[in-house]
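# mind looking at a prediction? Sequence and model below.
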Amino acid sequence: MLARLLNQKYQGDESEFTDSERQTVTFVDNRIYRHKVVRINYTTYDIRRAQDSLNPRTHADVMVLSHEDEDEDPHPYWYARIIGVFHAQVSHIGPRSQSTDEQRMDFLWVRWFGRDLNYKAGWKAKRLHRLGFLLSEDRGAFGFLDPNEVIRGVHLIPAFAYGRTSDILGPNPSIARQPHENDEDWTFYYVNPYVKSIKHYDYN
C-alpha cells in the first residue's frame, strides 16, 4: 500500500520500507472491509466487452503481467489465487505524503503460483505451461495485489496424474484453502491460455 501511495511502479512486492516509513500509513479506525466478489472488466480478443466475477470460493485464479528479471525463457504472466477481497480507508502522513486526506484503497490477498521451470512448455514444446503453489516458507508465497494489476481470471487445470499433497502448506487447516480441499493442494496445474486485456474493476 505504501508503494502505491508513493506512486511506485509495481514490481512484485519487491519494495522494502523501514518501520518508520510504514508508520506513516494509518488505517482509519483500524478497520479493513471484506468483500465477497471483485469484478474485472476486460476487452476480449474480438474487441468486445466482457467481465469476470472473481471470488475466493469458486473462481479465484487470476493472471497479471510478469516482472521477471531472468532473460532466459521469459514468461509474460504471473498467476495467483485470491484468498480475500478487501478495502480500507487509509491516510498517509509524513514528508513524502502527497495528500493527508482519507482515501479508499482496494486490495486482494493472494497466494502465488510458481512456474515449473524444469518442465518444457509453450508453443514449441506443444505443451501447456505447468504451475504449482510456492512453498509456505518461500518469502513470496503470499502477497497483496492492487486489483488494477489483474488482467483477468485464468482457467487452471489440475494435473490429476500428479495427485494432491499437503507438503506445500502442511497438513494443518489454513484459510488459504477451501474446506472441501481437505487441507491439501493439487501438486501441479496446467494453464489454459486466453488472449484478453483489462479495462477496469469494480466491487459488488
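Cool, got the structure.
# buried stuff in stretch 36-48?
If you call a residue buried by 16 or more other C-beta atoms under 10 Å, then stretch 36-48 has these buried ones: 38, 40, 42. (Each C-beta comes from the backbone N, C-alpha and C, glycine too.)
# stretch 1-12: which residues count as buried?
So, applying 16+ other C-beta under 10 Å, buried residues of stretch 1-12: 2-5, 10, 12.
# let me know the closest of the residues you listed to Ser97.
Leu5 (7.5 Å; C-beta to C-beta).
# how about the closest one, phi and psi?
The phi and psi values for Leu5, taken as degrees, to the nearest 10, are phi -60, psi -30.
# repeat for the one 3 residues further on
Dihedral angles phi and psi of Gln8 (degrees, to the nearest 10) take the values phi -80, psi 140.
# wait, doesn't it sit right on Ser15?
Yes: counting by C-beta atoms under 8 Å, Ser15 is a contact partner of Gln8 at 5.9 Å.
# list the contacts for the nearest residue to His35 once chain neighbours are set aside?
Leaving out its chain neighbours, the residue that sits closest to His35 by C-beta to C-beta, 6 or more residues apart in numbering is Val85, at 4.3 Å. Shown in contact with Val85 (C-beta atoms under 8 Å, 6 or more residues apart in numbering): 34-38, 54-56, 108-109, 203.
# how about the contacts made by the residue nearest to Ile40 when sequence neighbours are not counted?
In space, and not counting its chain neighbours, Ile40 is closest to Asp52: 4.5 Å by C-beta to C-beta, 6+ apart. Asp52 sits next to 39-40, 42, 59, 152-153 when contact means C-beta under 8 Å, 6+ apart.
# do you know the pLDDT at the residue nearest to His35?
What the model reports for Val85 is a pLDDT of 97.
# next: His200.
What the model reports for His200 is a pLDDT of 47.
# quick revisit: name the residues of the one helix or strand the residue nearest to His35 maps to that are buried.
Per DSSP states H and E: Val85 is located in strand 77-92. Going by neighbour count (16+ other C-beta under 10 Å), the buried part of strand 77-92 is 77-85, 87-88, 90-92.
# likewise stretch 174-190?
Quick answer for stretch 174-190 (16+ other C-beta under 10 Å): 174, 176-177, 185-190.
# repeat that for stretch 114-134.
Along stretch 114-134, these residues count as buried under the neighbour rule (16+ other C-beta under 10 Å): 115, 119, 121, 128-134.
# same question, stretch 142-157
142-143, 145-147, 149-154, 156.
# distance from the chain centre to it, please.
Relative to the chain's own centre, stretch 142-157 is displaced by 4 Å; criterion: C-alpha atoms, centre = their mean, to the nearest Å.
# using PDB, write out every CA atom in it.
Coordinates of the C-alpha atoms in stretch 142-157 are reproduced here as PDB (Å, rounded to 0.1, in the frame of the first residue of the first chain):
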ATOM      1  CA  PHE A 142       1.600 -14.800  -0.200                       C
ATOM      2  CA  GLY A 143       1.100 -11.100  -1.100                       C
ATOM      3  CA  PHE A 144      -1.200  -8.200  -1.600                       C
ATOM      4  CA  LEU A 145      -2.200  -7.100  -5.000                       C
ATOM      5  CA  ASP A 146      -3.800  -4.000  -6.400                       C
ATOM      6  CA  PRO A 147      -6.900  -5.100  -8.400                       C
ATOM      7  CA  ASN A 148      -5.700  -2.800 -11.200                       C
ATOM      8  CA  GLU A 149      -2.800  -5.200 -11.800                       C
ATOM      9  CA  VAL A 150      -5.200  -8.100 -12.600                       C
ATOM     10  CA  ILE A 151      -5.600  -8.700 -16.300                       C
ATOM     11  CA  ARG A 152      -8.500 -11.200 -15.800                       C
ATOM     12  CA  GLY A 153      -9.300 -14.500 -14.300                       C
ATOM     13  CA  VAL A 154      -7.500 -17.600 -15.600                       C
ATOM     14  CA  HIS A 155      -8.500 -21.200 -16.100                       C
ATOM     15  CA  LEU A 156      -6.100 -23.500 -14.400                       C
ATOM     16  CA  ILE A 157      -6.500 -27.300 -14.900                       C
END
